[in-house]
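> Any chance you can model this:
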Amino acid sequence: QVQLVESGGGLVQAGGSLKLSCAASGSIISIDVMEWYRQAPGEQRELVGSISSDSNTHYSDSVKGRFTMSRDNAKNMAYLQMNNLKPEDTAVYLCEARGEAIQGKGIVDFRSWGQGTQVTVSL
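Purely as a prediction, here's the structure:
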């Protein structure tokens with residue numbers, strides 16, 4: 001079983017910055033893709049961006065140029081640097097990871113989610 005824990009959320013004024021972290025733990029062999037999603041109240045979950053094991057990144061149009069993803073494969077960590085935050089960025093930010101893990105005597109594919117961290121951007 002693979003667990004993800006996000007941290008770094010908080011309250012920030014518009015134009016400010018926050019850096020989110022996602023820590024993966026468990027019997028991980030490798031993490032292929034790590035993604036950040038966000039969900040605002042009453043809204044559908046939205047993909048913010050993804051980062052591959054060799055750090056290729058893709059971002060949604062709404063955050064491109066303002067958000068930057070990175071990862072530390074040795075530590076099973078992913079990061080989301082958010083700059084020039086806007087009130088519409090307010091949401092719960094969730095980390096998701098997909099890869100391979102040990103289960104029993106075998107290797108299985110996994111897809112795990114964190115509980116999320118709240119980001120609130122005020123005017």
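> where's the residue of the chain most remote from its centre relative to S21, distance?
Computed with CA atoms, centre = their mean, the residue of the chain farthest from its C-alpha average is K105, at 29.5 Å. The spacing between K105 and S21, counted by CB to CB, to the nearest Å, is 32 Å. (Glycine included, C-beta is placed from N, CA and C.)
> ok, which stretches of the protein are strands?
2-7, 10-13, 18-26, 28-39, 46-52, 57-59, 67-72, 77-82, 91-103, 106-113, 117-122 (DSSP state E).
> what pLDDT does Q81 get?
For Q81, the model assigns a pLDDT of 98.
> Confirm for me that it is in contact with R71.
No. Under the contact definition of CB atoms under 8 Å, Q81 does not touch R71, with a separation of 11.8 Å.
> higher neighbour count, the two?
More neighbours surround R71 than the other of Q81 and R71, with 22 against 14 (other CB atoms under 10 Å).
> got the contact list for the more buried one?
Counting by CB atoms under 8 Å, 6 or more residues apart in numbering, R71 touches 34, 51, 55, 77-79.
> Quick check: closest non-adjacent residue to I107.
Spatial nearest neighbour of I107, chain neighbours left out: E100 (5.5 Å); criterion: CB to CB, 6 or more residues apart in numbering.
> Give me the distance between the one you found and N56.
19 Å.
> Over stretch 33-45, what's the mean pLDDT, rounded is fine.
Mean pLDDT, computed over stretch 33-45, is 97.
> starting at the chain centroid, how far to that stretch?
For stretch 33-45, the separation from the chain centroid amounts to 9 Å (computed by CA atoms, centre = their mean, to the nearest Å).
> about what we covered before: any idea what the residue nearest to I107 is bridged to?
Under DSSP bridges, the beta-bridge partners of E100 are S30, D109.
> Then K19?
Here K19 shows beta-bridge partners Q81, assigned using DSSP bridges.
> correct me, but it touches G8?
Yes. In this structure, K19 is within contact of G8 by CB under 8 Å, at 5.5 Å.
> more crowded one of those two?
Higher neighbour count among K19 and G8: G8, with 16 against 13, using other CB under 10 Å.
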